[in-house]
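Asker: can't give you the sequence, but here's the structure:
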Ligand code: SF4
Ligand code: MG
């Protein structure tokens, strides 16, 4: 069966004079119809760049896909013409981003912006689009949609603006919604409401979601599977239950230990000391080595392989080397 989306050994370079810097290296991911995949990691891990590359929205001249492929229903997005790609963006893959203010045009009323997103992918008249816009705003939980149609973005709260953007993203009934930290700028109560809304829409429409976040709590709440990114690579991936119950990678373990515990006794937050290295300082071996409590001699010099634990659970760490691997080095 053709996969909905496949990212295959994707590498992304940032321009840097004559020696480009590799910021994402060898990322492979799959997304099935209707599932929610979380991509989790600290800032600087390459999550957003990876998602921008799916939409072919990397800033031109500054970043480019250097290797690998991205396929939507078996067709390479990287080889498509710009006009084919525009169709994909308008009809099949939609995005919502962290800062809802910058994604809306401040000078146009909400109604005009929602209507235009509807008319971009259908031949509806202005009138029909207007009616549909009102219905969509209602669907995303806006209680007086007719009034909101007449408002300007700055007149709405952050949560309302994000609802409007979700309505615009869903206007084409996409197969895939890429949500990059969509609730990070919102306060906790509003965040919970937006997550609920996304779950509801997914259930009703069967949209697959790629959810990019630094927050494992959000992953637990929203996702079926999760990929943990560190310094431009995926270090562990698997279904959410397995990753929470049996994390294999020391970085995943560190992320889980730094999550606030909501139930039972309060435990001290164990943040992972240090920060993600800059891409120009990646070591030839494991990129987590400087921060890893389980580091061994070979870790800084030898890149770990990706070990497969079955059921799509994979982890890139020397702790899982088998004797046969050792025999080769
Ligand atoms: Fe830690 Fe070594 Fe595993 Fe890297 S490969 S995560 S340094 S044990
Ligand atoms: Mg980001």
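Answerer: Here it is on my side, so go on. A quick note: this is a predicted structure, and the numbers were derived from the prediction, not measured. Numbering: from 1, shown residues only. Ligands and ions are numbered 1, 2, ... in the order given.
Asker: you'd agree residue 95 is in a strand?
Answerer: Yes - with DSSP: H, G, I helix; E, B strand; the rest coil as the criterion, residue 95 is part of a strand.
Asker: which residue is nearest the centroid of the chain?
Answerer: Centre of the chain computed as the mean C-alpha position; nearest residue by Cα atoms, centre = their mean is residue 212, 2.8 Å away.
Asker: following whichever strand or helix holds it, which helix or strand comes up?
Answerer: Per DSSP states H and E, residue 212 falls inside strand 208-213. Counting by DSSP H and E, the next helix or strand C-terminal to strand 208-213 is helix 216-222.
Asker: how far does that next one sit from the chain's center?
Answerer: Computed by Cα atoms, centre = their mean, to the nearest Å, the chain-centroid distance of helix 216-222 equals 13 Å.
Asker: Packing partners of the next helix or strand after it?
Answerer: The helix or strand immediately downstream of helix 216-222 is strand 225-230, counting by DSSP H and E. Helices and strands touching strand 225-230, by 3 or more Cβ pairs under 8 Å, 6 or more residues apart in numbering; DSSP states H and E, are strand 36-40, strand 233-239, helix 240-245, helix 250-257. Where you see a C-beta, it was placed from the backbone N, CA and C, and this is true even at glycine.
Asker: Strand 225-230 vs strand 208-213, what angle?
Answerer: Here strand 225-230 runs at 40 degrees with respect to strand 208-213, directions being taken by axes from the mean of the first three to the mean of the last three Cα atoms, to 10 degrees.
Asker: Please identify which of the helices and strands packed on strand 225-230 is closest to residue 146.
Answerer: Of all the helices and strands packed on strand 225-230, the one in closest proximity to residue 146, counting by Cβ to Cβ, is strand 36-40 (32.1 Å).
Asker: by contact count, what packs against the following helix or strand past that closest one?
Answerer: Counting by DSSP H and E, the next helix or strand C-terminal to strand 36-40 is helix 47-54. Counting contacts by 3+ Cβ pairs under 8 Å, 6+ apart, helix 47-54 packs against strand 5-14, strand 21-31, strand 36-40, strand 63-72, strand 176-180, strand 208-213.
Asker: As TSV, those with mean pLDDT and distance to ligand 1 would be great.
Answerer: As requested, those are exported to TSV (pLDDT from 0 to 100; distance: least, Cβ to the nearest ligand atom, whole Å):
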stretch	mean pLDDT	distance to ligand 1
strand 5-14	97	20
strand 21-31	95	15
strand 36-40	97	16
strand 63-72	97	23
strand 176-180	95	26
strand 208-213	96	22
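Asker: Could you list the buried residues of stretch 304-313?
Answerer: For stretch 304-313, burial by neighbour count (16 or more other Cβ atoms under 10 Å) applies to 304, 306, 307, 313.
Asker: Wasn't residue 88 part of a helix?
Answerer: Yes - assignment of residue 88 by three-state DSSP places it within a helix.
Asker: which residues sit in contact with it?
Answerer: Contact analysis of residue 88 by Cβ atoms under 8 Å, 6 or more residues apart in numbering lists 72, 77, 80.
Asker: Please identify which helix or strand holds the closest residue to residue 319 other than its chain neighbours.
Answerer: Closest residue to residue 319 apart from its sequence neighbours, by Cβ to Cβ, 6 or more residues apart in numbering: residue 294 at 6.0 Å. Following DSSP H and E, there is no helix or strand that holds residue 294.
Asker: Next one: residue 294 from ligand 1, what distance?
Answerer: 4 Å (Cβ to the nearest ligand atom, to the nearest Å).
Asker: Tell me the confidence at that residue?
Answerer: As predicted, residue 294 sits at a pLDDT of 96.
Asker: correct me, but residue 109 touches residue 147?
Answerer: No - in this structure residue 109 lies outside contact range of residue 147 using Cβ atoms under 8 Å: 11.0 Å.
Asker: I'd assumed residue 250 was in contact with the residue nearest to residue 319.
Answerer: Yes - in terms of Cβ under 8 Å, residue 294 counts as a neighbour of residue 250; the distance is 4.9 Å.
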